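>>> Fold the following.
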Amino acid sequence: MDEAMKVEIQSAVASVLAETNSKWEQYYAQLQAKNAEIAQLEADKAAVEAEIEQLRADYEAAMAKQSLAEAGLAEANEKLGEMEKVNKQNELNAALAGFTDEEKAYAKTEIESFTNDPTSVEINSITGKIYAEIGRKSRENVKHEENSEIDIFSIAGDFSSDSDDEVSIF
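You can find the predicted model right below:
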């Protein structure tokens, strides 16, 4: 190999090395830019994950509050139901105050049913039944009194009189 060729090869190698080095520096700069982008994306991802965790914690806290509120509401509804039951029982007692125990016995099953569940029977139906039974008993008593006062002999008449007004069918 002669010297000219050696120089030519060296210059070709040097130009290829210079070109490679310049490309390498360009690619290295692009790689650093991409690494910076990746680092920024990882930082953004970490921030989003932290925000998600905060939202999850807030959600859990809200669910716990809601659960407590629902439990309180259920307790309040139960107390309200008991108070309404007592109020309805007081209304029934006031409605039945004018009746005797015998009259109350006419609607005993309805009263017991109302005592167990005030929504199952209306107070008006209880008092209505009592009034209906009082009316029925009153009519029976009137009929019984009328029947006991009727003298069957006075209805039959006196057949011993010999009046001219009477016409014999024989």
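>>> alpha carbons only for contacts and neighbour counts from here, please
Noted.
>>> any idea how this protein splits into domains?
1-81, 98-150 (automatic domain parsing).
>>> Of these, which is nearest L92?
domain 98-150 (6.1 Å; C-alpha to C-alpha).
>>> which residues of the protein score low on pLDDT?
1, 144-170 (pLDDT under 70).
>>> ok, then the element right after the helix ranked longest in it?
If you go by DSSP state H, the chain has its longest helix at helix 3-96. The first helix or strand that comes after helix 3-96 along the chain, using DSSP states H and E, is helix 101-104.
>>> Give me the residues contacting that following helix.
For helix 101-104, the external contacting residues (C-alpha atoms under 8 Å, 6 or more residues apart in numbering) are L96, I130, E133, I134.
>>> If you compare the directions of the helix or strand that contains the third one and helix 3-96, what angle comes out?
Secondary structure from DSSP H and E places E133 in helix 123-149. Counting by axes from the mean of the first three to the mean of the last three C-alpha atoms, to 10 degrees, helix 123-149 lies at 20 degrees to helix 3-96.
>>> Identify each buried residue in helix 123-149, please.
Residues of helix 123-149 classed as buried by neighbour count (16 or more other C-alpha atoms under 10 Å): I123, I126, T127, K129, I130, Y131, E133.
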